[in-house]
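**Q** structure of the sequence below:
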Amino acid sequence: MRTDDVICPACKAGFRRIELQSQTGSAGEIRCLLCGELLEVVDGSTEVAYRLTVAPEKISNDNC
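**A** The predicted structure is shown next:
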């Protein structure tokens with residue numbers, strides 16, 4: 001098992017990425033759960049999962 005931390009380049013949400021080399025997964029795209037930005041394209045040779053760990057705060061421009 002391999003773990004990494006990933007930050008969405010668009011909304012700055014933080015994710016824990018877990019990869020299991022002992023299991024095969026599904027090929028496809030992994031997108032940010034909050035904004036839909038592409039995080040990774042996987043080929044299905046391993047099982048990859050993302051877990052949201054840090055949600056970005058919404059910034060209001062009303063106080064500027």
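**Q** what's the local residue count around Leu34?
**A** By other C-beta atoms under 10 Å, the residues close to Leu34 number 15. C-beta here means a position set from N, CA and C on the backbone, and glycine is covered the same way.
**Q** that one in helix, strand or coil?
**A** Of the three states, Leu34 takes coil under DSSP: H, G, I helix; E, B strand; the rest coil.
**Q** how about the nearest residue to it, chain neighbours excluded?
**A** Ala13 (5.1 Å; C-beta to C-beta, 6 or more residues apart in numbering).
**Q** enumerate every residue touching the one you found.
**A** Ala13 is in contact with 7, 32-35, 52, 54-56, counting by C-beta atoms under 8 Å, 6 or more residues apart in numbering.
**Q** who's in contact with Leu38?
**A** With contact set as C-beta under 8 Å, 6+ apart, Leu38 has these partners: 29-32.
**Q** which stretches of this protein have low pLDDT?
**A** Scanning the chain for pLDDT under 70 picks out 58-64.
**Q** returning to that earlier point: can you lay out the contacts of Leu38 as TSV showing distance to Ser45, neighbour count and secondary structure?
**A** Shown next, in TSV, are the contacts of Leu38 (distance: C-beta to C-beta, whole Å; neighbours: other C-beta atoms under 10 Å; DSSP: H, G, I helix; E, B strand; the rest coil):
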residue	distance to Ser45	neighbour count	secondary structure
Glu29	15	9	strand
Ile30	14	16	strand
Arg31	20	14	strand
Cys32	23	20	coil
